[in-house]
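Chemist: Sequence and computational prediction follow.
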Amino acid sequence: MRLKVDLAENSYEILIKQGCLKQAAQELNLKRKVLIVTDSGIPKKYIDLISKQCESPVIEIVPQGENSKSIDRFTNLCSTLIENNFTRTDAIIGLGGGVVGDLAGFVAACYMRGIDFYNIPTTLLSQIDSSVGGKTAINMKQTKNIVGAFYQPKKVLIDPDVLTTLSDRQKSSGIAEAIKMAATSNADFFNVLSEQDAWQNIEEVIVESLKIKIAVVEQDEKESDLRKVLNFGHTIGHAIEANSAGKLQHGECIALGMLYFSSDEVKKKLESVLRKYSLPTETDLDQERIYKSILHDKKAAGDQITVVYVPTIGNFELIDMPLAELKSVMNK
Ligand SMILES: NC(=O)c1ccc[n+]([C@@H]2O[C@H](COP(=O)([O-])OP(=O)(O)OC[C@H]3O[C@@H](n4cnc5c(N)ncnc54)[C@H](O)[C@@H]3O)[C@@H](O)[C@H]2O)c1
């Protein structure tokens, strides 16, 4: 299946197809210098499959994990591009999960003020969410995504076959983002996730999630308003992530974050579906520390923060909440 992200001159196509990694050369312009950015946890067979289709590949393998979204990695990748004489007509491929995509996309946005970027996401989370929409970023001073750019890829290749090598925990972490989209925007899809096993038809889960994401991004590319809905669970989720010392995965933190801003009825439904996919519904992290992290978060504007609240499944409200009120919600 092919989906289009319609953003005027920044429009692009997403190909979702089993085995499509094998046809990268037909789908992407690889007859030029291509920097493949990937990480140490990505199975070698995927890296080989892509690099052998490139005419002139340069491969950079960053350490797996969130810490690679750093200014040091950014600098190293820019140095590689300069040392290999990459020009504006060359390209970068991000082959990996959200970490690789965010990092490689940000390098692509900055190098020579922007060179072509192709995203080949290999985790469920990145296939249903982070590879589409053009948000790229690195972390600094324990603050997630604080330095970044909106920079759309030229094309996204999604091969569900690569998910077979993911750990069970990673698979669940990705499902958390699908639950997030369904909870705010599509009650039927939420029922599918609740009543069926998402893994029986993962391609459909990817497509349904992407349709929600694309519809939002097309209306609000730079997150001036509507796109904030995609942050459901992220305000507190990011703060939990920053305090979990790497013990919790991104999707697990989002799962926890969603429970703070839901009606009682929604919370019950969320807890049930989260448990079904082995996602956490409780944390013993110190709420005061989490609150302090939120204050550092870029989404806090003055003494207010915009939170996404879900009153009924499939609907959402954006609420500008004073920080003092947020604190009392958290203490509840
Ligand atoms: N840009 C956006 O719009 C957006 C949206 C959501 C999340 N994110 C970001 O995404 C990041 C999280 O992404 P993630 O959950 O994909 O984690 P990740 O990129 O850290 O990948 C998780 C782990 O899975 C391994 N892996 C990846 N693909 C594999 C495969 N096919 N087989 C086996 N192992 C594989 C990786 O090596 C890594 O160790 C966070 O930094 C988050 O901020 C960005």
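Modeler: Perfect, I can see it now. Numbers count the residues shown, from 1 in each chain.
Chemist: Buried residues in the helix or strand hosting Val307, which are they?
Modeler: Taking DSSP states H and E as the definition, one finds Val307 inside strand 304-309. Under the neighbour-count criterion of 16 or more other C-beta atoms under 10 Å, strand 304-309 has 305, 307-309 buried. For every residue, glycine as well, the C-beta is placed using N, CA and C.
Chemist: Which elements pack onto that strand?
Modeler: The criterion is 3 or more C-beta pairs under 8 Å, 6 or more residues apart in numbering; DSSP states H and E, and the helices and strands that strand 304-309 contacts are helix 234-243, strand 317-322, helix 323-331.
Chemist: That one: partners in the sheet, and parallel or antiparallel?
Modeler: Based on DSSP bridges, the strands next to strand 304-309 in the sheet, each with its direction, are strand 300-301 (antiparallel), strand 317-322 (antiparallel).
Chemist: neighbouring contacts of stretch 307-314?
Modeler: 182-188, 190, 228-229, 231-233, 235, 258, 261-263, 265-266, 269, 316-319, 321, 326 (C-beta atoms under 8 Å, 6 or more residues apart in numbering).
Chemist: Distance from that stretch to the middle of the chain?
Modeler: If you compare the mean C-alpha spot of stretch 307-314 with that of the full chain, they lie 20 Å apart, counting by C-alpha atoms, centre = their mean, to the nearest Å.
Chemist: What's the end-to-end length of it?
Modeler: Its first and final residues considered, stretch 307-314 spans 16 Å by C-alpha to C-alpha, to the nearest Å.
Chemist: Same question for stretch 290-302.
Modeler: Criterion C-alpha to C-alpha; first-to-last residue distance in stretch 290-302 is 18 Å.
Chemist: rewinding a little: any idea which of the helices and strands packed on strand 304-309 is most buried?
Modeler: For these, the largest average neighbour count (mean count of other C-beta atoms under 10 Å) is found in helix 234-243, namely a mean of 24.
Chemist: now, among the buried residues of strand 304-309, which is nearest to the ligand?
Modeler: Distances from the buried residues of strand 304-309 to the ligand were compared by C-beta to the nearest ligand atom; the smallest belongs to Val308, at 14.2 Å.
Chemist: what about the helices in the stretch 201-332 of the chain?
Modeler: Read by DSSP state H, counting those that start in this stretch, the stretch 201-332 of the chain holds these helices, from start to end of the chain: 202-219, 234-243, 250-258, 264-276, 287-296, 323-331.
Chemist: Quick one: closest of those to Thr143.
Modeler: Shortest separation from Thr143 across the helices of the stretch 201-332 of the chain is recorded for helix 287-296, at 5.2 Å, computed as C-beta to C-beta.
Chemist: Centre of the chain to that closest one, how far?
Modeler: 22 Å.
Chemist: so it versus helix 250-258, what angle?
Modeler: For helix 287-296 and helix 250-258, the angle between their directions (axes from the mean of the first three to the mean of the last three C-alpha atoms, to 10 degrees) works out to 100 degrees.
Chemist: Buried residues, helix 287-296. List them.
Modeler: Of the residues in helix 287-296, those scored as buried under the neighbour-count criterion (16+ other C-beta under 10 Å) are 287, 290-291, 293-294.
Chemist: and that helix with helix 234-243, angle?
Modeler: 110 degrees.
Chemist: contact partners of helix 287-296?
Modeler: 141-143, 235-236, 238-240, 242-243, 300, 305, 323, 326-327, 330-331.
Chemist: need the residues of the stretch 51-200 of the chain near the ligand, please.
Modeler: By C-beta under 6 Å from any ligand atom, the residues of the stretch 51-200 of the chain that approach the ligand are 64-66, 69, 96-100, 102, 122-123, 125-126, 129-130, 133, 135, 144-145, 162, 165-166, 170, 173.
Chemist: Sort out for me which of these are in helices.
Modeler: Of the positions in those, 98-100, 102, 125, 170, 173 sit in helices, assigned by DSSP state H.
Chemist: Of the contacts of stretch 307-314, keep whichever come out buried.
Modeler: 182-186, 190, 228-229, 231-233, 235, 258, 261-262, 266, 269, 316, 321, 326.
Chemist: Just give me the neighbour total for Asn29.
Modeler: Counted with other C-beta atoms under 10 Å, residues neighbouring Asn29 total 15.
Chemist: tell me which element it is part of?
Modeler: Applying DSSP H and E, one finds Asn29 in no helix or strand.
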